[in-house]
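sequence plus predicted model, see below.
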Amino acid sequence: MSSLSEFTIDILRRAVAGEAAAIRCVTRLQPAGGKGDKVFPPTYAVDKVDKMAKTRYAVETRRVDGQEVHTVLLDSVASQANRMEEALLAAWEERRLDFPVISVDFANEDGIGDLGRITTLQAPHRIADALLRDSVDQAGTRFRDTAPGRSYTDASIKNATAVYQYCPTALVFGVWDSTGPRGGLGKKIQRALVSEIIGVEAVAGSKTISRIDPAGIQGNVPVFHRADDRDDWTAEESEALLEEGKPVPFSRKGGEGKGEGTGRRSTGKPSAINHSNFPPSIDGTAGGVTFDYALQTTVLSLPALRRLSFSSDSSGNRLEGDRRVAAERAARTALAALALAAITEQRDRGYDLRSRSFLVPEEGGALVFELVPADGGEPQRYSISCKAATKLLAAASSEASELGLPWEREPLALKPAPKLSALIRESRKRAAAGDIDAEGAN
(Lines give C-alpha, C1' and ligand atoms only; values in the text may rest on other atoms or scores of the structure.)
Protein backbone atom coordinates (compact mmCIF):
# COMPACT_ATOMS: atom_id res chain seq x y z
CA MET A 1 0.00 0.00 0.00
CA SER A 2 2.87 2.37 0.76
CA SER A 3 3.99 2.18 -2.88
CA LEU A 4 0.73 3.64 -4.14
CA SER A 5 0.70 7.20 -5.43
CA GLU A 6 -1.40 9.74 -3.54
CA PHE A 7 -4.56 11.15 -5.05
CA THR A 8 -3.86 14.67 -6.34
CA ILE A 9 -6.09 17.50 -7.49
CA ASP A 10 -4.90 17.02 -11.09
CA ILE A 11 -5.85 13.33 -11.01
CA LEU A 12 -9.26 14.22 -9.60
CA ARG A 13 -9.86 16.93 -12.22
CA ARG A 14 -9.09 14.53 -15.09
CA ALA A 15 -11.24 11.78 -13.60
CA VAL A 16 -14.24 14.09 -13.20
CA ALA A 17 -13.74 15.59 -16.65
CA GLY A 18 -14.29 12.21 -18.26
CA GLU A 19 -11.29 9.91 -17.87
CA ALA A 20 -13.04 7.77 -15.24
CA ALA A 21 -16.50 6.31 -14.77
CA ALA A 22 -16.30 5.97 -11.02
CA ILE A 23 -14.14 6.22 -7.95
CA ARG A 24 -14.56 3.22 -5.70
CA CYS A 25 -13.22 2.00 -2.40
CA VAL A 26 -13.59 -1.59 -1.19
CA THR A 27 -12.63 -2.39 2.40
CA ARG A 28 -12.65 -5.74 4.19
CA LEU A 29 -13.58 -5.56 7.86
CA GLN A 30 -13.62 -7.89 10.84
CA PRO A 31 -15.35 -7.71 14.23
CA ALA A 32 -13.33 -5.77 16.79
CA GLY A 33 -13.52 -8.88 18.98
CA GLY A 34 -11.72 -10.89 16.33
CA LYS A 35 -12.68 -13.11 13.43
CA GLY A 36 -15.69 -15.21 14.31
CA ASP A 37 -16.98 -12.88 17.02
CA LYS A 38 -20.74 -12.35 16.89
CA VAL A 39 -22.07 -9.13 15.33
CA PHE A 40 -25.62 -7.80 15.52
CA PRO A 41 -27.03 -6.39 12.24
CA PRO A 42 -29.93 -3.93 12.13
CA THR A 43 -33.33 -5.57 12.62
CA TYR A 44 -36.38 -5.01 10.45
CA ALA A 45 -40.08 -5.53 11.05
CA VAL A 46 -41.50 -8.71 9.55
CA ASP A 47 -44.72 -8.07 7.63
CA LYS A 48 -47.65 -10.44 7.35
CA VAL A 49 -46.33 -11.99 4.16
CA ASP A 50 -43.05 -12.86 5.87
CA LYS A 51 -44.47 -13.72 9.30
CA MET A 52 -42.81 -17.14 9.07
CA ALA A 53 -39.43 -15.56 8.37
CA LYS A 54 -36.55 -17.19 10.21
CA THR A 55 -34.78 -13.92 10.86
CA ARG A 56 -35.46 -10.20 11.23
CA TYR A 57 -32.26 -9.37 9.39
CA ALA A 58 -31.91 -8.41 5.72
CA VAL A 59 -30.37 -11.59 4.33
CA GLU A 60 -29.89 -12.60 0.74
CA THR A 61 -27.75 -14.69 -1.57
CA ARG A 62 -25.21 -12.70 -3.58
CA ARG A 63 -22.37 -13.53 -5.90
CA VAL A 64 -19.01 -12.62 -4.36
CA ASP A 65 -15.77 -13.51 -6.14
CA GLY A 66 -17.72 -15.71 -8.55
CA GLN A 67 -19.46 -17.74 -5.84
CA GLU A 68 -23.00 -17.64 -4.47
CA VAL A 69 -22.75 -16.79 -0.79
CA HIS A 70 -25.11 -16.01 2.07
CA THR A 71 -24.88 -12.37 3.08
CA VAL A 72 -26.46 -10.13 5.68
CA LEU A 73 -26.83 -6.36 5.53
CA LEU A 74 -24.78 -4.72 8.29
CA ASP A 75 -25.26 -1.09 7.24
CA SER A 76 -27.60 0.13 4.52
CA VAL A 77 -26.99 2.78 1.87
CA ALA A 78 -29.12 5.28 3.78
CA SER A 79 -27.37 4.52 7.06
CA GLN A 80 -23.95 4.86 5.47
CA ALA A 81 -24.94 8.23 4.01
CA ASN A 82 -26.02 9.39 7.46
CA ARG A 83 -22.72 8.27 8.98
CA MET A 84 -20.75 10.12 6.32
CA GLU A 85 -22.81 13.25 6.89
CA GLU A 86 -22.21 12.95 10.64
CA ALA A 87 -18.48 12.69 9.96
CA LEU A 88 -18.60 15.75 7.70
CA LEU A 89 -20.53 17.68 10.36
CA ALA A 90 -17.91 16.87 13.00
CA ALA A 91 -15.14 18.07 10.69
CA TRP A 92 -17.16 21.19 9.83
CA GLU A 93 -17.76 22.00 13.49
CA GLU A 94 -14.06 21.55 14.19
CA ARG A 95 -13.42 23.95 11.29
CA ARG A 96 -11.24 21.43 9.48
CA LEU A 97 -13.56 21.51 6.48
CA ASP A 98 -15.34 24.52 5.00
CA PHE A 99 -18.49 24.11 2.94
CA PRO A 100 -22.05 25.50 3.19
CA VAL A 101 -24.29 24.27 5.99
CA ILE A 102 -27.76 25.67 6.77
CA SER A 103 -29.01 25.22 10.34
CA VAL A 104 -32.16 25.55 12.43
CA ASP A 105 -31.43 26.62 16.01
CA PHE A 106 -33.83 25.43 18.74
CA ALA A 107 -31.65 26.56 21.65
CA ASN A 108 -33.89 29.47 22.68
CA GLU A 109 -37.20 27.64 22.30
CA ASP A 110 -39.09 26.93 25.52
CA GLY A 111 -39.17 23.25 26.40
CA ILE A 112 -37.23 22.03 23.35
CA GLY A 113 -33.92 23.87 23.69
CA ASP A 114 -32.15 20.54 24.17
CA LEU A 115 -32.52 19.94 20.42
CA GLY A 116 -29.82 22.55 19.93
CA ARG A 117 -28.94 23.12 16.30
CA ILE A 118 -30.12 20.80 13.53
CA THR A 119 -28.29 21.20 10.24
CA THR A 120 -28.76 20.12 6.65
CA LEU A 121 -26.26 17.35 7.45
CA GLN A 122 -28.70 15.94 10.01
CA ALA A 123 -32.13 16.65 8.53
CA PRO A 124 -33.29 13.49 6.67
CA HIS A 125 -34.12 15.34 3.44
CA ARG A 126 -31.25 17.83 3.68
CA ILE A 127 -32.13 21.25 2.24
CA ALA A 128 -35.58 19.97 1.18
CA ASP A 129 -36.48 18.83 4.69
CA ALA A 130 -39.72 19.92 6.35
CA LEU A 131 -37.73 21.25 9.32
CA LEU A 132 -36.31 23.94 7.04
CA ARG A 133 -39.62 24.50 5.29
CA ASP A 134 -41.25 25.22 8.65
CA SER A 135 -38.50 27.53 9.90
CA VAL A 136 -37.86 31.24 9.45
CA ASP A 137 -34.86 33.54 9.23
CA GLN A 138 -34.03 36.11 11.91
CA ALA A 139 -36.49 38.58 10.36
CA GLY A 140 -39.32 36.01 10.50
CA THR A 141 -39.32 35.23 6.78
CA ARG A 142 -40.19 31.64 5.90
CA PHE A 143 -37.24 29.69 4.52
CA ARG A 144 -38.85 29.21 1.11
CA ASP A 145 -39.41 32.96 0.86
CA THR A 146 -35.81 33.90 1.65
CA ALA A 147 -33.39 34.54 -1.21
CA PRO A 148 -31.60 31.20 -0.66
CA GLY A 149 -34.94 29.41 -0.32
CA ARG A 150 -36.35 30.86 -3.54
CA SER A 151 -33.13 30.08 -5.38
CA TYR A 152 -33.18 26.51 -4.17
CA THR A 153 -36.86 26.08 -5.10
CA ASP A 154 -36.14 27.27 -8.65
CA ALA A 155 -32.99 25.14 -9.06
CA SER A 156 -32.89 21.96 -11.11
CA ILE A 157 -30.40 19.45 -12.43
CA LYS A 158 -30.04 21.77 -15.46
CA ASN A 159 -29.04 24.65 -13.20
CA ALA A 160 -27.91 23.31 -9.83
CA THR A 161 -26.03 26.46 -8.81
CA ALA A 162 -28.28 27.25 -5.83
CA VAL A 163 -28.01 23.72 -4.44
CA TYR A 164 -24.25 23.84 -4.90
CA GLN A 165 -24.10 27.26 -3.28
CA TYR A 166 -26.23 26.52 -0.22
CA CYS A 167 -26.15 22.74 0.33
CA PRO A 168 -23.58 20.94 -1.85
CA THR A 169 -23.91 17.76 0.21
CA ALA A 170 -27.40 17.37 -1.29
CA LEU A 171 -25.73 16.97 -4.70
CA VAL A 172 -23.45 14.27 -3.29
CA PHE A 173 -25.99 12.29 -1.24
CA GLY A 174 -29.11 13.11 -3.27
CA VAL A 175 -32.22 15.16 -2.61
CA TRP A 176 -35.94 15.07 -3.46
CA ASP A 177 -37.87 18.29 -3.08
CA SER A 178 -41.13 16.58 -2.11
CA THR A 179 -41.95 19.27 0.48
CA GLY A 180 -41.76 22.14 -2.01
CA PRO A 181 -44.50 23.85 -4.04
CA ARG A 182 -44.66 20.98 -6.52
CA GLY A 183 -44.99 18.27 -3.89
CA GLY A 184 -44.14 14.81 -5.20
CA LEU A 185 -43.30 16.31 -8.58
CA GLY A 186 -40.47 18.33 -7.07
CA LYS A 187 -36.97 17.96 -8.42
CA LYS A 188 -35.00 14.80 -7.70
CA ILE A 189 -31.24 14.64 -7.79
CA GLN A 190 -29.86 11.12 -7.49
CA ARG A 191 -27.23 10.00 -5.03
CA ALA A 192 -23.78 10.26 -6.51
CA LEU A 193 -22.12 8.56 -3.54
CA VAL A 194 -23.34 5.11 -2.50
CA SER A 195 -21.93 2.85 0.21
CA GLU A 196 -23.04 -0.23 2.12
CA ILE A 197 -21.57 -2.88 4.41
CA ILE A 198 -22.47 -6.57 4.24
CA GLY A 199 -21.36 -9.69 6.07
CA VAL A 200 -20.12 -12.43 3.71
CA GLU A 201 -20.89 -16.12 4.36
CA ALA A 202 -23.12 -15.09 7.23
CA VAL A 203 -24.57 -17.61 9.69
CA ALA A 204 -27.43 -16.58 11.97
CA GLY A 205 -27.15 -17.23 15.70
CA SER A 206 -29.34 -17.04 18.79
CA LYS A 207 -29.29 -14.95 21.93
CA THR A 208 -30.65 -15.71 25.37
CA ILE A 209 -32.83 -13.34 27.36
CA SER A 210 -33.58 -13.43 31.07
CA ARG A 211 -33.88 -11.19 34.10
CA ILE A 212 -33.90 -11.95 37.81
CA ASP A 213 -35.87 -9.44 39.87
CA PRO A 214 -33.65 -8.43 42.83
CA ALA A 215 -36.76 -7.79 44.96
CA GLY A 216 -38.18 -11.21 44.20
CA ILE A 217 -41.45 -9.86 42.76
CA GLN A 218 -43.49 -12.67 41.25
CA GLY A 219 -44.93 -12.39 37.77
CA ASN A 220 -48.43 -13.58 38.71
CA VAL A 221 -49.34 -10.63 40.96
CA PRO A 222 -52.07 -8.54 39.26
CA VAL A 223 -51.58 -4.79 38.88
CA PHE A 224 -54.25 -2.23 37.97
CA HIS A 225 -54.71 1.37 36.88
CA ARG A 226 -55.30 3.63 39.87
CA ALA A 227 -58.72 5.22 40.20
CA ASP A 228 -57.24 8.59 41.17
CA ASP A 229 -54.49 8.56 38.52
CA ARG A 230 -54.96 6.39 35.47
CA ASP A 231 -51.30 6.78 34.49
CA ASP A 232 -50.18 5.23 37.79
CA TRP A 233 -50.53 1.63 38.99
CA THR A 234 -51.58 -0.19 42.10
CA ALA A 235 -51.65 -3.79 43.32
CA GLU A 236 -54.60 -3.05 45.63
CA GLU A 237 -58.00 -3.79 44.12
CA SER A 238 -59.56 -1.26 46.49
CA GLU A 239 -57.53 1.51 44.80
CA ALA A 240 -58.11 0.29 41.24
CA LEU A 241 -59.93 2.05 38.42
CA LEU A 242 -63.17 0.22 37.70
CA GLU A 243 -64.89 -0.36 34.39
CA GLU A 244 -68.20 -2.23 34.42
CA GLY A 245 -67.47 -3.01 38.05
CA LYS A 246 -64.15 -4.70 37.39
CA PRO A 247 -60.59 -3.41 38.07
CA VAL A 248 -58.77 -2.37 34.90
CA PRO A 249 -55.47 -4.28 34.30
CA PHE A 250 -52.56 -1.89 33.99
CA SER A 251 -50.91 -1.31 30.59
CA ARG A 252 -48.72 1.40 29.16
CA LYS A 253 -49.90 3.06 25.94
CA GLY A 254 -47.58 2.20 23.07
CA GLY A 255 -45.70 -0.31 25.20
CA GLU A 256 -48.31 -2.85 26.20
CA GLY A 257 -48.44 -6.34 24.89
CA LYS A 258 -45.24 -8.25 25.58
CA GLY A 259 -42.78 -8.87 28.34
CA GLU A 260 -39.16 -8.38 27.35
CA GLY A 261 -38.22 -11.05 24.85
CA THR A 262 -40.80 -13.52 26.19
CA GLY A 263 -43.57 -13.10 23.65
CA ARG A 264 -46.06 -13.19 26.55
CA ARG A 265 -48.81 -10.67 27.15
CA SER A 266 -47.77 -8.42 30.04
CA THR A 267 -50.95 -6.35 30.50
CA GLY A 268 -52.00 -6.44 34.13
CA LYS A 269 -48.76 -8.10 35.27
CA PRO A 270 -45.69 -6.71 37.04
CA SER A 271 -43.75 -7.01 33.79
CA ALA A 272 -45.95 -4.20 32.44
CA ILE A 273 -44.28 -1.91 34.99
CA ASN A 274 -40.80 -3.44 34.58
CA HIS A 275 -40.92 -5.60 37.69
CA SER A 276 -40.66 -9.39 38.20
CA ASN A 277 -38.53 -12.03 36.57
CA PHE A 278 -38.30 -12.70 32.88
CA PRO A 279 -37.79 -16.44 32.50
CA PRO A 280 -34.87 -17.49 30.29
CA SER A 281 -35.79 -17.60 26.61
CA ILE A 282 -34.02 -17.85 23.26
CA ASP A 283 -34.35 -15.37 20.42
CA GLY A 284 -33.54 -17.06 17.13
CA THR A 285 -34.81 -14.31 14.82
CA ALA A 286 -32.44 -11.57 15.96
CA GLY A 287 -29.65 -13.43 17.70
CA GLY A 288 -26.71 -11.94 15.85
CA VAL A 289 -24.55 -13.41 13.09
CA THR A 290 -21.04 -14.61 12.43
CA PHE A 291 -19.37 -14.30 9.04
CA ASP A 292 -16.08 -14.78 7.22
CA TYR A 293 -15.60 -11.05 6.78
CA ALA A 294 -17.54 -7.83 6.29
CA LEU A 295 -17.28 -5.90 3.06
CA GLN A 296 -17.76 -2.16 2.66
CA THR A 297 -18.25 -1.11 -0.95
CA THR A 298 -18.28 2.61 -1.69
CA VAL A 299 -18.80 4.02 -5.19
CA LEU A 300 -18.82 7.63 -6.39
CA SER A 301 -20.61 7.92 -9.73
CA LEU A 302 -18.82 10.48 -11.88
CA PRO A 303 -21.52 10.47 -14.61
CA ALA A 304 -23.98 11.52 -11.88
CA LEU A 305 -21.80 14.55 -11.19
CA ARG A 306 -21.29 15.26 -14.88
CA ARG A 307 -25.07 15.40 -15.36
CA LEU A 308 -25.21 18.43 -13.07
CA SER A 309 -25.25 21.70 -15.01
CA PHE A 310 -24.47 25.19 -13.73
CA SER A 311 -25.86 27.71 -16.20
CA SER A 312 -25.39 30.70 -13.89
CA ASP A 313 -22.88 31.82 -11.31
CA SER A 314 -23.69 32.54 -7.67
CA SER A 315 -24.73 36.11 -8.53
CA GLY A 316 -27.27 34.93 -11.09
CA ASN A 317 -25.20 35.90 -14.13
CA ARG A 318 -25.30 33.47 -17.03
CA LEU A 319 -22.28 31.26 -17.58
CA GLU A 320 -21.55 30.71 -21.24
CA GLY A 321 -18.90 29.26 -23.52
CA ASP A 322 -15.50 28.35 -22.15
CA ARG A 323 -16.25 30.10 -18.86
CA ARG A 324 -19.20 27.81 -18.26
CA VAL A 325 -17.19 24.70 -19.17
CA ALA A 326 -14.43 25.66 -16.74
CA ALA A 327 -16.84 26.58 -13.94
CA GLU A 328 -18.86 23.39 -14.29
CA ARG A 329 -15.76 21.19 -14.23
CA ALA A 330 -14.47 23.02 -11.17
CA ALA A 331 -17.79 22.66 -9.32
CA ARG A 332 -18.04 18.95 -10.15
CA THR A 333 -14.46 18.46 -9.00
CA ALA A 334 -15.28 20.21 -5.71
CA LEU A 335 -18.27 17.90 -5.24
CA ALA A 336 -16.08 14.86 -5.90
CA ALA A 337 -13.56 16.17 -3.37
CA LEU A 338 -16.38 16.62 -0.86
CA ALA A 339 -17.37 12.99 -1.39
CA LEU A 340 -13.78 11.82 -0.85
CA ALA A 341 -13.65 13.88 2.35
CA ALA A 342 -16.85 12.20 3.55
CA ILE A 343 -15.40 8.74 2.89
CA THR A 344 -12.10 9.42 4.63
CA GLU A 345 -13.71 11.23 7.56
CA GLN A 346 -16.02 8.27 8.15
CA ARG A 347 -13.03 5.91 8.00
CA ASP A 348 -11.24 7.96 10.65
CA ARG A 349 -14.32 7.83 12.92
CA GLY A 350 -14.33 4.04 12.71
CA TYR A 351 -17.01 1.41 12.22
CA ASP A 352 -18.80 1.21 15.58
CA LEU A 353 -22.16 0.78 13.88
CA ARG A 354 -24.36 -0.02 16.90
CA SER A 355 -24.28 -2.05 20.11
CA ARG A 356 -22.34 -5.27 19.47
CA SER A 357 -21.61 -4.29 15.88
CA PHE A 358 -18.09 -2.89 16.04
CA LEU A 359 -15.87 -3.55 13.02
CA VAL A 360 -12.24 -2.75 12.20
CA PRO A 361 -10.37 -2.88 8.87
CA GLU A 362 -8.42 -6.05 8.15
CA GLU A 363 -5.53 -3.92 6.87
CA GLY A 364 -4.24 -0.67 8.30
CA GLY A 365 -3.02 2.44 6.54
CA ALA A 366 -4.69 4.97 4.29
CA LEU A 367 -7.70 4.06 2.20
CA VAL A 368 -7.12 2.74 -1.30
CA PHE A 369 -9.24 4.32 -4.02
CA GLU A 370 -9.65 2.89 -7.50
CA LEU A 371 -10.32 4.98 -10.56
CA VAL A 372 -12.54 2.90 -12.83
CA PRO A 373 -11.66 3.87 -16.44
CA ALA A 374 -14.50 5.22 -18.56
CA ASP A 375 -13.60 2.83 -21.37
CA GLY A 376 -13.05 -0.20 -19.16
CA GLY A 377 -9.83 -1.96 -18.29
CA GLU A 378 -7.82 -2.19 -15.10
CA PRO A 379 -8.51 0.51 -12.51
CA GLN A 380 -5.77 2.81 -11.30
CA ARG A 381 -5.15 2.63 -7.55
CA TYR A 382 -4.28 5.53 -5.27
CA SER A 383 -4.05 6.08 -1.55
CA ILE A 384 -5.60 9.02 0.24
CA SER A 385 -5.57 10.05 3.88
CA CYS A 386 -8.09 12.20 5.71
CA LYS A 387 -5.58 15.07 5.78
CA ALA A 388 -4.95 14.76 2.05
CA ALA A 389 -8.69 14.73 1.33
CA THR A 390 -9.05 17.95 3.33
CA LYS A 391 -6.43 19.61 1.14
CA LEU A 392 -8.12 18.33 -2.02
CA LEU A 393 -11.42 19.86 -0.95
CA ALA A 394 -9.85 23.21 -0.11
CA ALA A 395 -8.06 23.37 -3.47
CA ALA A 396 -11.07 22.28 -5.52
CA SER A 397 -13.57 24.60 -3.82
CA SER A 398 -11.14 27.52 -4.12
CA GLU A 399 -10.83 26.96 -7.87
CA ALA A 400 -14.63 26.85 -8.28
CA SER A 401 -14.92 30.06 -6.27
CA GLU A 402 -12.53 31.87 -8.58
CA LEU A 403 -14.73 30.84 -11.50
CA GLY A 404 -17.91 32.31 -10.00
CA LEU A 405 -19.16 29.48 -7.79
CA PRO A 406 -18.08 30.28 -4.23
CA TRP A 407 -19.14 28.56 -1.02
CA GLU A 408 -20.25 30.38 2.10
CA ARG A 409 -19.67 28.43 5.29
CA GLU A 410 -22.99 29.44 6.94
CA PRO A 411 -25.28 30.89 4.27
CA LEU A 412 -28.36 30.91 6.49
CA ALA A 413 -29.17 30.51 10.20
CA LEU A 414 -32.84 29.72 10.79
CA LYS A 415 -35.06 29.35 13.83
CA PRO A 416 -38.22 27.25 14.08
CA ALA A 417 -41.51 28.91 13.24
CA PRO A 418 -43.87 29.09 16.25
CA LYS A 419 -46.08 26.36 14.80
CA LEU A 420 -43.11 23.99 14.48
CA SER A 421 -42.06 24.58 18.09
CA ALA A 422 -45.65 24.03 19.23
CA LEU A 423 -45.84 20.78 17.25
CA ILE A 424 -42.67 19.44 18.84
CA ARG A 425 -43.79 20.39 22.35
CA GLU A 426 -47.18 18.72 21.87
CA SER A 427 -45.50 15.61 20.45
CA ARG A 428 -43.24 15.41 23.50
CA LYS A 429 -46.18 15.88 25.83
CA ARG A 430 -48.03 12.97 24.25
CA ALA A 431 -44.94 10.78 24.19
CA ALA A 432 -44.40 11.41 27.91
CA ALA A 433 -47.98 10.30 28.51
CA GLY A 434 -47.36 7.11 26.54
CA ASP A 435 -49.60 8.18 23.68
CA ILE A 436 -47.48 6.91 20.77
CA ASP A 437 -49.04 5.92 17.46
CA ALA A 438 -47.89 3.00 15.33
CA GLU A 439 -45.69 5.20 13.16
CA GLY A 440 -43.89 6.66 16.19
CA ALA A 441 -43.46 3.39 18.08
CA ASN A 442 -40.08 1.71 18.20
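Nice, thanks for sending it over. What you are looking at is a predicted structure, and each value in this text was computed from that prediction instead of being measured. Residues are numbered from 1 along each chain as shown.

which non-adjacent residue is nearest residue 323?
Spatially, and ignoring its direct neighbours in sequence, residue 323 is nearest to residue 403 (7.2 Å; CB to CB, 6 or more residues apart in numbering). Quick note: C-beta positions are derived from backbone N, CA and C, even for glycine.

kindly report the same for residue 293.
Excluding its sequence neighbours, the residue lying closest to residue 293 (CB to CB, 6+ apart) is residue 28, at 5.1 Å.

which residues does the one you found form a beta bridge with?
According to DSSP bridges, the partner residues bridging residue 28 are residue 295.

same question for residue 6.
Residue 6 has the following beta-bridge partners by DSSP bridges: residue 383.

isn't it right up against residue 382?
Yes: under the contact definition of CB atoms under 8 Å, residue 6 touches residue 382, with a separation of 6.4 Å.

of these two, who's got more company?
For residue 6 against residue 382, the residue with the higher neighbour count under other CB atoms under 10 Å is residue 382, and the figures read 21 against 12.

what residues does that one make contact with?
4, 5, 6, 7, 11, 368, 369, 370, 371 (CB atoms under 8 Å, 6 or more residues apart in numbering).

cool, residue 97 as well?
If a contact means CB under 8 Å, 6+ apart, then residue 97 has 88, 91, 341, 345, 390, 393 as its contacts.

now for those residues: which two are most distant?
For those, the farthest-apart pair by CB to CB is 88 and 390; their separation is 11.2 Å.

what is in contact with the two at once?
Common contacts of residue 88 and residue 390 (CB under 8 Å, 6+ apart): 97, 341.

ok, these two, which is more surrounded?
Set side by side, residue 88 and residue 390 show more neighbours around residue 88, with 24 against 19, by other CB under 10 Å.

surely the more buried one is in a helix?
Yes: residue assignment for residue 88, taken from DSSP: H, G, I helix; E, B strand; the rest coil, places it within a helix.

for residue 199, see how far away residue 70 is.
As judged by CB to CB, to the nearest Å, residue 70 and residue 199 stand 9 Å apart.

ok so, going back, and the residue nearest to residue 323, how many neighbours?
Neighbour number of residue 403 under other CB under 10 Å is 19.

any idea how far residue 324 is from it?
From residue 403 to residue 324 the distance is 9 Å (CB to CB).

for residue 211, same thing?
For residue 211 relative to residue 324 (CB to CB), the value is 66 Å.

phi first, then psi, for the residue nearest to residue 323.
Taking degrees, to the nearest 10, you get phi -100, psi 10 for the backbone angles of residue 403.

can you give me the pLDDT of it?
What the model reports for residue 403 is a pLDDT of 97.

which residues sit in contact with it?
Taking CB under 8 Å, 6+ apart, we find residue 403 in contact with 313, 323, 326, 327, 330, 331.
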